[in-house]
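Engineer: when you get a sec, could you give me coordinates for this:
(2 chains)
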Amino acid sequence: MQSFCHHVLREPAIHARLKEELDHATSSGNLSSFPQWNETQALPYFQACLKEAMRLRPAVGLNITRLVPPQGAEIGGRRFPGGTRVAVNAWVLHRNEEVFGAEPKAFKPERWLDGDAKNMERYMFQFGGGSHLCKSVNLNNRCSMEREELCADIIGVTGIGKNLALLEMNKTLPLLFRDYEMELLMPQEDLKYRSTFFVVQHGLEVRISKRNKVV
Amino acid sequence: MAAGKGFHKTDFYSVFPPADNPDIFTETNEHAHGLKKRYSSNAYSMASMHNLSGYIEDTQKLLMSKLDLKCQTSEQNCDLGDLLHFFAFDVLGEIAFSRKFGFLESGYDIEGAIKTIDDVQWYDGIIGQIPEWDFLFRRNPLTKFLPGMDPSKSLITRMALEELGKRKKYGEKVIDRKDLLSQLMAANEKAPENFKEGDVFAIAHGAM
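Structural biologist: You can find the predicted model right below:
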C-alpha cells in the first residue's frame, strides 16, 4: 500500500487518471462510500496501478530456499546437483525485461493495459507460487499437469496471506485516493526500504486534505 | 519435471518460531503441511474474508478519523506510511482475534511490538540462510537472559494467548462472529488428532 501511494503520488499524470476513474465510478453509482471487492475489480486503471506496485515492490525480499531433489534438476538451462538450495526472488523476477517489457524498473501502469497482461501475470511472484502458496488465481493457466495434481490435493487451494492482503488493498486504496488529496512532501526522494524477511518501507510523508465529494 | 514438484523446503524454516510446533509456513514435512493447510484453509478462504469485510471497514473508519485530524492541522503533514502500517496490524488483530491491537488509536508502535516483529524477521532472514547458527544465538540457553531476546512477552503473543485462554474457558460464545481463531478452534474440535491445539495457537500466532 505504501509503494502504491508513493509511486502514484509521484506521477501527476497517473494520479490524475486514477482520480478520474474513481470519481467517474462513484458518480455513476459503481463505487460505494466504502468500496467493495467486486466494485474495485471493475476499475481497470486502479488494478493496473496495483499490479505495478506489487511488481516493483513485492512484500517479501528474501530468498526462500528449496532443495533440488536427489536426482538433480535442470533449471533455466543449467544443471543443478541434488541438494542444492535454490530460490526464486520476486524482486529479481519482476524486473525481467523480456517478460515485463521496456523500462522494467519504471512504474508504468500502462504496461498492464497495453502489454500481454496474461503472460506477465504468470510471472508475478509476490505471493510465492506452487503448492506452498500464497497464490491461487493463476494456478490453472500456469501449472503443468503434475502441478495441478499437487494443487488439487490441497482442497480449494485458497491463498492464505494473499486473500487478506488483496482484500485490504482493494478496499482501502481506492477509498484513500478518492476521498483525500495527497501530495508527497519529498517527491524527489525514493521510498526508503530495508529488507528483513519482508521489505519494510518508510518515508511516505504527505500533505493531506479532504477532497470534495463527487455527486 | 514440473516446476516445484519434489523441491522440498530447506532447513531455512527451522529458525522461525515456534520451533516445537511448526505452523503452515514453517512446516517442512509435506504431508503435515497439507494437513495443516487443509484444516485451516476454510478460515482463510476468500468467502470467510468477505464475511469479515465489515470489520475491515470498522478499521477503515478509524483510519479515516485519524487522517481527518491530520487534514485539520495547519501543516496538514502526515506520515501516511506509519498510519498504513498501524492500520494493517489492527486489521490483522480484528480478523484473527476480533480485537484491534490499538496501534491506530494510540498513533504509535505500542511497546515497540511492530519493531520487534521487524527485528525478529531480520534475524530469521539472515540466520535462515545458515540455520546452524541459530543454536549459537537464539537457541543458546543463555540468550533468554539477554534483554529483548525473549519473544514470549511481546504484546502480540500475549494477546494471542489471552484470547485462546478466554475462549477455552468460556467457550465459543464470547464472540459472535467467525474470526480466524474461532475457525481454527472449530477445526481442532472436529479433528483433534490431525489438527492439534498446538496448531491452533501456532497458526493464529504465526498469522501475525
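
Engineer: which parts of chain B are helices?
Structural biologist: In chain B, the helices defined using DSSP state H lie at B:30-44, B:46-51, B:53-72, B:80-97, B:103-106, B:113-127, B:155-170, B:180-190, B:197-206.

Engineer: flag every buried residue along the longest one.
Structural biologist: In other words, helix B:53-72. Buried residues in helix B:53-72, defined by neighbour count with 16 or more other CB atoms under 10 Å in any protein chain shown: B:Tyr55, B:Ile56, B:Glu57, B:Thr59, B:Gln60, B:Leu62, B:Leu63, B:Met64, B:Lys66, B:Leu67, B:Lys70. (C-beta placed from N, C-alpha, C; glycine too.)

Engineer: residues contacting that helix, please?
Structural biologist: With CB atoms under 8 Å, 6 or more residues apart in numbering or on different chains as the test, helix B:53-72 has contacts from A:34, A:36-37, A:167-168, A:171-172, A:175, A:179-180, A:208-210, B:76-78, B:83, B:87, B:90-91, B:94-95, B:98, B:100, B:104-105, B:107, B:177.

Engineer: strands - which of those land there?
Structural biologist: A:Tyr180, A:Ile208, A:Ser209, A:Lys210, B:Asn77, B:Cys78 (DSSP state E).

Engineer: from what I can see the last one touches A:Arg207, true?
Structural biologist: To tie it back to what came earlier, the one meant is B:Cys78. Yes. B:Cys78 lies in contact with A:Arg207 (CB atoms under 8 Å); the separation is 7.4 Å.

Engineer: quick one on the thing from earlier: buried ones from the ones in strands among the contacts of helix B:53-72, can you make that a ChimeraX selection?
Structural biologist: Under the burial definition 16+ other CB under 10 Å, those of these that qualify are selected in ChimeraX by:
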select /A:180,208,209 /B:78
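
Engineer: would JSON lines of the ones in strands among the contacts of helix B:53-72 with distance to A:Cys5 and pLDDT be doable?
Structural biologist: Formatted as JSON lines, the ones in strands among the contacts of helix B:53-72 follow (distance: CB to CB, whole Å; pLDDT from 0 to 100):
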{"residue": "A:Tyr180", "distance to A:Cys5": "10", "pLDDT": "97"}
{"residue": "A:Ile208", "distance to A:Cys5": "11", "pLDDT": "97"}
{"residue": "A:Ser209", "distance to A:Cys5": "15", "pLDDT": "96"}
{"residue": "A:Lys210", "distance to A:Cys5": "17", "pLDDT": "95"}
{"residue": "B:Asn77", "distance to A:Cys5": "15", "pLDDT": "95"}
{"residue": "B:Cys78", "distance to A:Cys5": "11", "pLDDT": "95"}
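
Engineer: among the ones in strands among the contacts of helix B:53-72, which pair sits farthest apart?
Structural biologist: A:Lys210 and B:Asn77 (15.0 Å; CB to CB).

Engineer: ok, back up a step: just the ones in strands among the contacts of helix B:53-72 now: which is nearest B:Lys166?
Structural biologist: Distances from B:Lys166 to the ones in strands among the contacts of helix B:53-72, taken by CB to CB, are shortest for B:Cys78, at 35.8 Å.

Engineer: and that closest one, what does it touch?
Structural biologist: A:Glu205, A:Val206, A:Arg207, A:Ile208, B:Leu67, B:Lys70.

Engineer: closest to the centroid, which residue in chain A?
Structural biologist: By CA atoms, centre = their mean, chain A has its centre lying nearest to A:Met54, at 2.4 Å.

Engineer: grab the nearest non-local neighbour of it.
Structural biologist: Nearest residue to A:Met54, sequence neighbours excluded (CB to CB, 6 or more residues apart in numbering or on different chains): A:Gln126, at 4.5 Å.

Engineer: can you verify my assumption that the one you found contacts A:Val88?
Structural biologist: No. Contact criterion CB under 8 Å: A:Gln126 and A:Val88 do not qualify, at 11.4 Å.

Engineer: and those two? Which one has more around it.
Structural biologist: A:Gln126 (21 against 18; other CB atoms under 10 Å in any protein chain shown).

Engineer: is the more buried one in a bridge, and if so with what?
Structural biologist: The partner list for A:Gln126 in beta bridges (DSSP bridges) reads A:Gly128.

Engineer: do you know how far it is from chain B?
Structural biologist: To chain B, A:Gln126 is 15 Å away according to CB to the nearest CB, to the nearest Å.

Engineer: now do the contacts for that residue.
Structural biologist: Contacts for A:Gln126 were tallied using CB under 8 Å, 6+ apart; they are A:Met54, A:Arg55, A:Pro58, A:Ala59, A:Val60, A:Ala90, A:His94.

Engineer: now the two most distant members of the residues you listed.
Structural biologist: A:Arg55 and A:Val60 (13.4 Å).

Engineer: compare those two (neighbour count), which wins?
Structural biologist: Neighbours were counted for A:Arg55 and for A:Val60 using other CB under 10 Å; A:Arg55 has more, 27 against 22.

Engineer: which parts of chain A are helices?
Structural biologist: Using DSSP H, helices in chain A cover A:2-10, A:12-27, A:37-41, A:44-56, A:90-93, A:97-100, A:110-114, A:117-122, A:139-142, A:145-153, A:161-179.

Engineer: now do the last one: distance to the chain's middle.
Structural biologist: In terms of CA atoms, centre = their mean, to the nearest Å, the gap separating the centre of helix A:161-179 from the centre of its chain is 12 Å.

Engineer: hmm, that helix touching chain B?
Structural biologist: Yes. Against chain B, helix A:161-179 shows contacts by CB under 8 Å from any CB of the partner chain at A:Asn163, A:Leu164, A:Leu167, A:Glu168, A:Lys171, A:Thr172, A:Leu175, A:Asp179.

Engineer: between these, which is closest to B:Phe201?
Structural biologist: Taking the residues of helix A:161-179 next to chain B together and measuring to B:Phe201 by CB to CB, the closest member is A:Leu164, at 19.3 Å.

Engineer: hmm, that closest one is touching B:Ile95, no?
Structural biologist: Yes. Counting by CB under 8 Å, A:Leu164 touches B:Ile95, with 6.5 Å between them.

Engineer: buried among the residues of helix A:161-179 next to chain B? Make that a PyMOL selection.
Structural biologist: The command below creates a PyMOL selection of those among these that count as buried (16+ other CB under 10 Å):
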select buried, chain A and resi 163+164+167+168+171+172+175+179
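
Engineer: dump the residues of helix A:161-179 next to chain B to TSV, plus pLDDT.
Structural biologist: As requested, the residues of helix A:161-179 next to chain B are arranged in TSV below (pLDDT from 0 to 100):
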residue	pLDDT
A:Asn163	76
A:Leu164	78
A:Leu167	88
A:Glu168	90
A:Lys171	95
A:Thr172	96
A:Leu175	97
A:Asp179	97
